[in-house]
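K.L.:
Predicted model and sequence follow; I will ask about them next.
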Amino acid sequence: MKCFVMAVLAAAVIAGFTRTATAAENGKKTKKQFTLNPIGTVQKAGGKTRLVIDKEVAPALLGLDGWSHVWVFWWFDRNDTPQRRATLQVHPRGNRNNPLSGVFATRSPARPNLIALTLCKIISIKDNVVELEKIDAFDGTPVLDLKPYIPGYDSAEATVPDWLKK
């Protein structure tokens, strides 16, 4: 059997084709890991809110000034502990009168991946700095990505749970 596997591998290499077995083929469950690199940071000073984008990725801002609003993806860096990542259920808004809910049904900062999303109004863009009206992130928070808000695509007729209506 070993010789057969070696011959198949050799033939694949000779043919210029290599591949690795997937987790399903191995009968094992594996987790993929991803590396996210911040593209900048939130800066709050002098009553202004800015995203300072790293100079290397600043060319990606081209054309963003044509939009009024931007989705800002950022990292809940001050909550990044194994305990916070393991929290799967919370009382929304920390209010025990609200029903216990899974974190995917809330805006809780405790979640398996600490990705946050905020819709922000753009005030101005100059060089690598995007000035915003406001953002619910702390000064120094890592920014992961930006995407323009597109009316019609990013809005929907929605329903919300009773606890939010109160």
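P.N.:
Yep, it's here. Numbering: from 1, shown residues only.

K.L.:
which residues in the chain form helices?
P.N.:
Here the chain has its helices, by DSSP state H, at 2-14, 23-26, 82-86, 162-165.

K.L.:
tell me the contacts of I39?
P.N.:
53-54, 57, 60, 143-146 (C-beta atoms under 8 Å, 6 or more residues apart in numbering). Where C-beta positions appear, they are placed from N, C-alpha and C, glycine not excepted.

K.L.:
Not counting its neighbours along the chain, what's nearest it?
P.N.:
V57 (4.9 Å; C-beta to C-beta, 6 or more residues apart in numbering).

K.L.:
measure the closest residue to E133 other than its chain neighbours to S68 for me?
P.N.:
In space, and not counting its chain neighbours, E133 is closest to K121: 4.0 Å by C-beta to C-beta, 6+ apart. Using C-beta to C-beta, to the nearest Å, K121 is found at 7 Å from S68.

K.L.:
the more surrounded of these two?
P.N.:
A count of neighbours by other C-beta atoms under 10 Å puts K121 above the other of K121 and S68, at 13 against 10.

K.L.:
Is the more buried one bridged to anything, and to what?
P.N.:
When assigned by DSSP bridges, K121 has beta-bridge partners H69.

K.L.:
okay, it: pLDDT?
P.N.:
Looking at K121, its pLDDT is 98.

K.L.:
Roughly how far does it sit from V72?
P.N.:
From K121 across to V72, the span is 11 Å (C-beta to C-beta).

K.L.:
Spit out the residues that contact these two alike.
P.N.:
Taking C-beta under 8 Å, 6+ apart as the contact rule, K121 and V72 both touch L132.

K.L.:
so what pLDDT did the most centrally placed residue in the chain get?
P.N.:
For the chain, I115 is the residue whose C-alpha lies nearest the centre (C-alpha atoms, centre = their mean; 4.0 Å). Looking at I115, its pLDDT is 94.

K.L.:
Skipping its backbone neighbours, what lies nearest it in space?
P.N.:
Distance criterion C-beta to C-beta, 6+ apart; nearest residue to I115, sequence neighbours excluded, is F73 at 6.1 Å.

K.L.:
Next up, the contacts around the one you found.
P.N.:
115-117, 143-147.

K.L.:
Report the buried members of those.
P.N.:
116, 143-146 (16 or more other C-beta atoms under 10 Å).

K.L.:
With distance to T35 as extra columns, can I get the residues you listed in TSV?
P.N.:
Listed next are these as TSV, based on distance: C-beta to C-beta, whole Å:
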residue	distance to T35
A116	18
V143	16
L144	11
D145	14
L146	19
